[in-house]
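Visitor: dropping a prediction and its sequence here:
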Amino acid sequence: MRRIIRFQCELCGKIFDSESECHTHGIAELGTTEELYKEYREIRTRVASASSSLSLSSNDKTRSEFDSACEAEVEFELRTGIPIEDWRKI
């Protein structure tokens, strides 16, 4: 059996054979810089992780981590002027 891995653009749905092609396409599609795109991906991962932790164990620590991640997301949106919701068209 052979495994084939494909990567899909989160914005337009175009499919790529390599992660680097998909990454480059995502940056071009958003019209942003690589640093800003990387920061966006880190914030998005942080929010997803905090949300998962909160759903598994709701306590003061997990609520605080989730709130902090959401605040970072809002700060990013205000600083860049790019709504993160526009980046989530999956």
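Guide: Structure's in. What do you need?
Visitor: outside of the longest helix anywhere in the chain, which residues touch it?
Guide: When the chain is parsed with DSSP state H, its longest helix is helix 34-56. Contact partners of helix 34-56, identified using CB atoms under 8 Å, 6 or more residues apart in numbering, comprise 23, 26-27, 30, 62-63, 65-66, 68-70, 72-73, 76, 80, 84, 87-88. Placement of C-beta: from N, CA and C, glycine included.
Visitor: tell me the buried residues within these.
Guide: Neighbour-count burial within these applies to His23, Gly26, Ile27, Leu30, Thr62, Glu65, Phe66, Ala69, Ala72, Glu73, Phe76, Trp87; the criterion is 16 or more other CB atoms under 10 Å.
Visitor: biggest separation within those residues, which pair?
Guide: Ile27 and Thr62 (32.4 Å; CB to CB).
Visitor: how close does the residue nearest to Arg6 when sequence neighbours are not counted sit to Gly26?
Guide: In space, and not counting its chain neighbours, Arg6 is closest to Ile15: 5.1 Å by CB to CB, 6 or more residues apart in numbering. As judged by CB to CB, to the nearest Å, Ile15 and Gly26 stand 13 Å apart.
Visitor: intersection of neighbour lists for these two?
Guide: Cys9.
Visitor: quick one: low-confidence ranges for this protein?
Guide: 83-90 (pLDDT under 70).
Visitor: quick one: the helices in this structure?
Guide: Along the chain, the segments classed as helices by DSSP H run 19-30, 34-56, 60-80, 84-87.
Visitor: what number of residues lie near Gly13?
Guide: 9 (other CB atoms under 10 Å).
Visitor: what does it show for phi and psi?
Guide: phi 90, psi 0 (degrees, to the nearest 10).
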